[in-house]
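J.: Got a predicted model here, sequence first, then my questions.
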Amino acid sequence: MVEIDLEELFLEGAKELAVKNFDSALEYFNKILELDARHVKALEARAVIYLQKGDLEAAERDLNFALEIEPENYRLYFRLGQIYYRKKDLDRALELFTKAIDLNPMYPAAYMARSQVLRDKGLEEAADLELDKAVSAHREMAKAQKIIDFA
């Protein structure tokens, strides 16, 4: 019997996702989840595909299940925030983006998303502050990466 390497399957699915072959990527992630229903990275990736396809309910279902498994995973809160933003529930989106930042204060995408929500709510100054935080977090991450790369 051939053992299936889930990480190898995940990498193949990620490659398909990167080039926007959503149906092919979905096949990989579904296969992983048939073998391990609690594979959080595959749940998140599948949610991203569902989000791209506009199936917000399926995306939300996968992310909520993933959060049951990894309640401290900041990326899952960010993705869930994207869903609520699409649903035009700005308060819930803001809450979720804030939770992602609370878990990882160096997450520029969450600051940018929070900035957009604040802008949509008419809070221009607060939105600009969030953009500044996004730039700062990005700069700090770049500095840390430079230290790692050249150490």
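T.: Structure's in. What do you need?

J.: and D5, what are its phi and psi?
T.: Per-residue torsions, D5: phi -90, psi 110 (degrees, to the nearest 10).

J.: Next, count neighbours for it.
T.: 9 (other CB atoms under 10 Å). For the C-beta atoms, the positions are set from N, CA and C on the backbone; glycine is no exception.

J.: Tell me the spacing between it and D55.
T.: 28 Å (CB to CB, to the nearest Å).

J.: longest helix in this protein, by residue count?
T.: helix 124-150 (DSSP state H).

J.: just checking, what packs against that helix?
T.: Taking 3 or more CB pairs under 8 Å, 6 or more residues apart in numbering; DSSP states H and E as contact, the helices and strands that helix 124-150 lies on are helix 108-120.

J.: buried residues in the helix it packs on?
T.: P108, A109, A110, Y111, M112, A113, R114, S115, Q116, V117, L118 (16 or more other CB atoms under 10 Å).

J.: repeat for stretch 65-82
T.: Neighbour count says stretch 65-82 has 65-67, 73-82 buried, by 16+ other CB under 10 Å.

J.: any idea which of the residues you listed is closest to L96?
T.: The shortest gap between L96 and any of the buried residues of stretch 65-82 belongs to G81, at 3.4 Å (CB to CB).

J.: So for A134, what's the pLDDT?
T.: Confidence at A134, expressed as pLDDT, is 86.
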